[in-house]
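Chemist: Pasted the sequence and its predicted model underneath.
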Amino acid sequence: MTEYIHSYRRFPLWAVLLLTIPAGLCAWGVSAAGYVDTLAATPLFALLAYGLAVGYVNRASVRVTPEGVAAVFGPLPCGVRPEWVAREEISRVYLRYVSVTGKSGLAPYWAAGVEHTDGRWIDLSDPLLAPEAARETAQEIALALAWQEPIALLRGQPPVPDRALLSPLLLWGCMVAAAFLWGIYVELTSRR
């Protein structure tokens, strides 16, 4: 029985470290000014600290067996649900070329994953993989699933909008709004 197990950082560590620098400078500035208690009591700072902890600690883990595919993002909760796709619900294993156009130009990458029978594409590979490594990952996924059909070569973005992303964005948006409202409430009640 063959299985494929892989774990990777969802966000590059250098990006999380760059986000830590402004938070550290703000914390140092507030503590140097003598407002340490104010900083620790700020819900927005607590939210930022938790977000950095999620970036440092959480990893995406993939486990592919002949029974199906399991994808988990954790261990700290952040609104991303674990996903299980049974072998019967997989329509194909794919390798896809993705080109993302941004302000700095074209940023292409390759992704390996499976397509659900309802049309959802589930990327299972690290988004920072080299093309050859993504191809090998697709082959290992197909081998672990005992997939008989050839690996499909796809291009572009998933045809069905990813609604799973809405849940964490909504959760984090509500938390930021609650932190701002709490800060306004504390400001209004402390000035009286």
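Modeler: In hand now; what should we look at?

Chemist: drop to CA atoms for contacts and neighbour counts, all remaining ones
Modeler: Noted.

Chemist: Now the strand or helix carrying Trp182: buried residues?
Modeler: Element membership of Trp182, judged by DSSP states H and E, is helix 166-190. Across helix 166-190, burial judged by 16 or more other CA atoms under 10 Å covers 176, 179.

Chemist: just how off-centre is it within its chain?
Modeler: 22 Å (CA atoms, centre = their mean, to the nearest Å).

Chemist: For it, name the packing helices and strands.
Modeler: Where contact means 3 or more CA pairs under 8 Å, 6 or more residues apart in numbering; DSSP states H and E, helix 166-190 is packed against helix 43-57.

Chemist: What lies in contact with the helix it packs on?
Modeler: For helix 43-57, the surrounding residues in contact (CA atoms under 8 Å, 6 or more residues apart in numbering) are 11, 13, 16, 19-20, 23, 39-40, 74-76, 78, 175-176, 179-180, 182-183.

Chemist: go on, stretch 138-148?
Modeler: Contacts of stretch 138-148 (CA under 8 Å, 6+ apart): 1-4, 64-68, 87, 93-95, 112-113, 151.

Chemist: Repeat that for stretch 70-80.
Modeler: With CA under 8 Å, 6+ apart, stretch 70-80 has contacts from 54, 57-64, 81-85, 124, 164-165, 167-168, 171.

Chemist: how far is that stretch from where the chain is centred?
Modeler: Going by CA atoms, centre = their mean, where stretch 70-80 is centred and where its chain is centred differ by 8 Å.

Chemist: Straight-line length of it, end to end?
Modeler: With CA to CA, to the nearest Å as the measure, stretch 70-80 spans 13 Å from end to end.

Chemist: Enumerate the positions of stretch 117-125 that are buried.
Modeler: 120-125.

Chemist: brain fart, stretch 124-138
Modeler: Here stretch 124-138 shows 124-128, 131, 133-135, 137-138 as buried, counting by 16+ other CA under 10 Å.

Chemist: Take the residues you listed and keep only those in helices.
Modeler: Among those, the members falling in helices (DSSP state H) are 131, 133-135, 137-138.

Chemist: between these, which is closest to Ser190?
Modeler: Ala134 (55.9 Å; CA to CA).

Chemist: Please report how far the closest one lies from Val186.
Modeler: If you go by CA to CA, the gap between Ala134 and Val186 works out to 51 Å.

Chemist: Could you do Leu18 as well?
Modeler: 30 Å.
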